[in-house]
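Student: here is my input; please provide its structure:
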Amino acid sequence: MPDKVERDAVIYLPGDAQPEEAVAIPSFDELTPREIVVELDKYIVGQAAAKKAVAIALRNRVRRQKLPAEMAEEVMPKNILMIGPTGVGKTEIARRLARLAGCPFVKVEASKYTEVGYVGRDVESMVRDLVETSIDMVREEKLDEVAERAEQAAEERVVDLLLPPSPPPQDQANATTPQMESQREEQMVRTREKLRAQLREGKLDARMVEVDVRERAMPSFEIMSNQGVEEMGTDIREMLSGMFGQQKKKRKMTVSEAFDYLIQEEESKLIDMDQVTRSAVERAEQMGIIFIDEVDKIAGRESGHGPDVSREGVQRDILPIIEGTTVNTRYGMIRTDHILFIAAGAFHVSKPSDLIPELQGRLPIRVELTSLGEADFIRILTEPKNALIKQYVALMDTEGLKLTFSEDGIATIARFATQVNEQTENIGARRLHTIMEKLLEEISFEAPDMKRKAMKIDTAYVSKQLAEIVKNQDLSRYIL
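Tutor: Okay, the predicted model is just below:
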């Protein structure tokens, strides 16, 4: 049985698993709730109820898009409240879900917002962050579409730099006949093709060329206002840069650097940013997901004084965003009616009922995530695609060290993690990161100089490294 774990860990190293995954996953529109849960299972252990809730919410997005426009406008997303201790997978479920669906996604901390009138971030900034994420996502997609054309255009420009076209003779004495002109052109074409072949083979990468690079004529600066630059009706930075214009200056660089620079320049010419903005704004409005973490930190009844005075105020400010409102951004007005909000919190001290009633009503789906035990930790260490053990095996392999874990060694790691969670603060699966770092500290430090190029982590090694620290509760509070 230990050999099985060893093989699993080593198989992860080749990078050929990703393309297979890309082929296997159907498109977002075709994913059924069951298939969504299967995809989430590849990265997150347990928490079936939470996976089921987010899978249904995602599928309802697809169903809504197939409705007539009038009906689709009336169907509002059913926002989710995840309740569970830290380190059980709340954030990871939302993040994987957004990546799976290709939706714009932002994660924000409720505790960093303050009531209007206090110093701090305005709650509307979460919507602006979502739009920026959506713009980046759409721009990347458009870049992929034009990449080939941009590369061809950049290649032509590099060849022009290496072999500028010769001007026609000015005086009559040197005038050429049509036949001579044709021969000259053929020779030029042959020379260009030779240069192009050498360029593609990388033989000209070190040669220096002069390129016209764009340069802003004004220094970069930012205008600070109470609610951020986006709040201004006109973006002053862009207006001023347009007034000053852009100058070009010649700069010497290698052919490989020039090629990369010219590809970027050609890509920016081929992309219509107005179209990107329109598409990104629509995607943010129709498919955006905002994950509000630490929502329990703004719950609780007001005492009317002290540092918590603005808690209920933050809830009141978040309420219209979740309810559906229009937010002003530098890309135009954004409606939040159809954005999916997933709120999460540990609720150790406060309860969901401590939130203001209006906010509770806007988070109709409640999902409780369970604490993780020893059996869950064993699965977390070995099963997911991004499992911790697979990560450490891959990291050590870069040093030429073959690291393997026996099954009893993995069980001991899980037992120690559970033990420390019970004795001190329960931080869930995050405890495994601490345990693994401490366990492999010596190996990580010595790996480049080690003569032994194979190392097996079994119960004896785990106990030797961790047993004393786990026993000493005072020490484990600080180290683990």
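Student: for residue 411, give me its contacts.
Tutor: 374, 378, 459 (CB atoms under 8 Å, 6 or more residues apart in numbering). From N, CA and C alone the C-beta is placed, and that goes for glycine too.
Student: what does residue 87 give?
Tutor: Residue 87 sits in contact with 372, 426, 427, 428, 429, 430, 431, where contact means CB under 8 Å, 6+ apart.
Student: can you select the buried ones from these in PyMOL?
Tutor: Restricted to buried positions by 16 or more other CB atoms under 10 Å, the PyMOL selection for the contacts of residue 87 reads:
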select buried, resi 372+426+427+428+429+431
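Student: okay, and which of the contacts of residue 87 map to helices?
Tutor: With helices defined by DSSP state H, the entries of the contacts of residue 87 inside them are 430, 431.
Student: break down the stretch 1-150 of the chain into its helices, ranges please.
Tutor: Using DSSP state H, counting those that start in this stretch, the helices of the stretch 1-150 of the chain run over 2-11, 17-24, 33-41, 48-65, 69-74, 90-101, 125-162.
Student: got CSV for the contacts of residue 87, with pLDDT and distance to residue 325 too?
Tutor: Formatted as CSV, these follow (pLDDT from 0 to 100; distance: CB to CB, whole Å):
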residue, pLDDT, distance to residue 325
372, 89, 38
426, 86, 38
427, 87, 36
428, 89, 35
429, 89, 36
430, 89, 35
431, 89, 40
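Student: mind putting the contacts of residue 87 into JSON lines with distance to residue 451?
Tutor: Below are those laid out as JSON lines (distance: CB to CB, whole Å):
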{"residue": "372", "distance to residue 451": "38"}
{"residue": "426", "distance to residue 451": "41"}
{"residue": "427", "distance to residue 451": "37"}
{"residue": "428", "distance to residue 451": "38"}
{"residue": "429", "distance to residue 451": "35"}
{"residue": "430", "distance to residue 451": "35"}
{"residue": "431", "distance to residue 451": "33"}
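Student: which residues sit against the helix or strand in which residue 313 is found?
Tutor: According to DSSP states H and E, residue 313 maps onto helix 311-323. The contact list for helix 311-323, computed with CB under 8 Å, 6+ apart, reads 79, 110, 113-116, 118, 122-124, 126-127, 292, 298-300, 302, 327, 336, 341, 355-356, 358-359, 362-363.
Student: centre of the chain to that helix, how far?
Tutor: Distance of helix 311-323 from the chain centroid (CA atoms, centre = their mean, to the nearest Å) equals 26 Å.
Student: please settle this for me: is residue 342 part of a strand?
Tutor: Yes. Assigned with DSSP: H, G, I helix; E, B strand; the rest coil, residue 342 falls within a strand.
Student: neighbours of residue 81, just the number please.
Tutor: Using other CB atoms under 10 Å, residue 81 is surrounded by 25 other residues.
Student: that should have said residue 353, apologies.
Tutor: Other residues close to residue 353 by other CB under 10 Å number 9.
Student: change the start of the numbering to 13 and stick with it
Tutor: Happy to do that; since the first residue is 13 now, the last one works out to residue 365.
Student: hang on, the earlier thing: buried only: go through the contacts of residue 423 for me.
Tutor: Those of the contacts of residue 423 that meet the buried threshold are 390, 471, by 16+ other CB under 10 Å.
Student: no further questions, thank you.
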